[in-house]
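Visitor: Dropping a prediction and its sequence here:
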Amino acid sequence: MEGVTIVQHPLVQHKLTLLRDKNRSTKSFRELCRELGILMCYEVTRDLPLGLVEIDTPMARMMAPRIAGKKLVFAPILRAGMAFVEGMLELVPSARVSHIGLYRDPDTLVAVEYFFKAPVDVAERLVVVVAPVIATANTAVAAVDRLKERGARDIRYVCLITVPTAIERLRGIHPDVHVWTAAIDERLDDDAFIVPGLGDAGDRAYGTR
């Protein structure tokens with residue numbers, strides 16, 4: 001599927017299977033989200049540009065590679081994205097964070113915004129949108145729309161599970177946004193939840209209903 005990278009690393013696939021299990025505790029679910037965030041962060045940052053800098057090791061002076069340019073912006077979609085982004089911030093602690101508060105209206109499935117905050121220089125940074133799932137893609141599209149309104153030009157999207165219709169919708173509206181995911185599941189049910197999926201990621205991460 002064009003514009004989509006499916007991360008097949010064995011550790012990612014193993015931990016995703018554990019995450020899907022309905023008997024997983026809230027604590028374990030959050031821990032797995034954090035671990036998967038670390039692993040997925042490796043993949044989405046694989047092609048970051050490097051520049052050479054001069055450093056002194058205990059033994060000698062040398063030219064060594066370091067990430068070039070400004071730091072990343074991670075943009076978790078609240079609530080569930082926060083559990084997922086924790087691992088990414090462990091890996092890249094200097095990254096800025098843009099919080100995107102969106103929820104899906106249960107009747108219309110339209111994305112409703114209740115909070116948005118981004119760095120003032122977001123237009124000059126690589127922005128990685130973070131959410132465990134892309135189901136209808138209404139929330140995903142709204143998040144990218146909002147970031148582009150703020151000036152973001154280089155946007156990537158990371159999730160764990162999605163469906164073909166969601167990818168088609170997101171990529172159809174934002175063809176410049178590449179998606180990294182661990183799985184593309186079969187379909188949505190009548191309530192627009194992914195099947196087989198993992199249920200409501202926010203409720204499972206924070207013990208709510």
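Guide: Thanks, I have the structure now. Please read all numbers here as calculations on a predicted model, not as lab measurements. Residues are numbered from 1 along each chain as shown.
Visitor: And the pLDDT at residue 46?
Guide: Predicted confidence (pLDDT) for residue 46: 93.
Visitor: residues contacting the residue nearest the centre of the chain?
Guide: What sits nearest the mean C-alpha location of the chain, by CA atoms, centre = their mean, is residue 130, with 2.2 Å. Residues near residue 130 by CB atoms under 8 Å, 6 or more residues apart in numbering: 37, 74-77, 81, 84-85, 88, 158-159. Any C-beta I mention is one placed from the backbone N, CA and C, and that applies to glycine too.
Visitor: which of those residues lies closest to residue 204?
Guide: residue 84 (12.0 Å; CB to CB).
Visitor: neighbours of the closest one, just the number please.
Guide: Residues lying near residue 84 (other CB atoms under 10 Å) number 28.
Visitor: I'd like to know how far it sits from residue 177.
Guide: 17 Å (CB to CB, to the nearest Å).
Visitor: Can you name every helix or strand that the top helix by length along the chain contacts?
Guide: For the chain, the longest helix by residue count, based on DSSP state H, is helix 26-44. Applying 3 or more CB pairs under 8 Å, 6 or more residues apart in numbering; DSSP states H and E, one finds that helix 26-44 contacts helix 10-20, helix 80-91, strand 154-158, strand 178-181, helix 201-206.
Visitor: now residue 142, what's its secondary structure?
Guide: helix (DSSP: H, G, I helix; E, B strand; the rest coil).
Visitor: Let me know the distance separating the closest residue to it other than its chain neighbours from residue 192.
Guide: In space, and not counting its chain neighbours, residue 142 is closest to residue 111: 3.8 Å by CB to CB, 6 or more residues apart in numbering. For residue 111, the distance to residue 192 (CB to CB) stands at 12 Å.
Visitor: got it, and residue 141?
Guide: Distance, residue 141 to residue 192, using CB to CB: 14 Å.
Visitor: now residue 24
Guide: 22 Å.
Visitor: Which strand residues bridge the residue nearest to the centre of the chain?
Guide: Beta bridges link residue 130 to residue 76, residue 158 when assigned by DSSP bridges.
Visitor: ok, back up a step: between residue 24 and residue 192, who's got more neighbours?
Guide: Ranked by neighbour count (other CB under 10 Å), residue 24 and residue 192 place residue 24 first, with 17 against 14.
Visitor: I figured the more buried one hits residue 18, correct?
Guide: Yes. With contact defined as CB atoms under 8 Å, residue 24 counts as touching residue 18 (6.6 Å).
Visitor: For residue 71, give me phi and psi.
Guide: Main-chain dihedrals, residue 71, degrees, to the nearest 10: phi -70, psi 170.
Visitor: Give me the neighbour count for it.
Guide: 14.
Visitor: Quick one, grab the pLDDT at it.
Guide: On the pLDDT scale, residue 71 is placed at 84.
Visitor: what do you get for the one 4 residues further on?
Guide: On the pLDDT scale, residue 75 is placed at 97.
Visitor: And for the one 10 residues further on?
Guide: Note for residue 85: predicted pLDDT of 95.
Visitor: Setting aside sequence neighbours, what's the nearest residue to it?
Guide: Using CB to CB, 6+ apart and skipping residues adjacent in sequence, the residue nearest residue 85 is residue 76, 4.1 Å away.
Visitor: Perfect, I'm done here.
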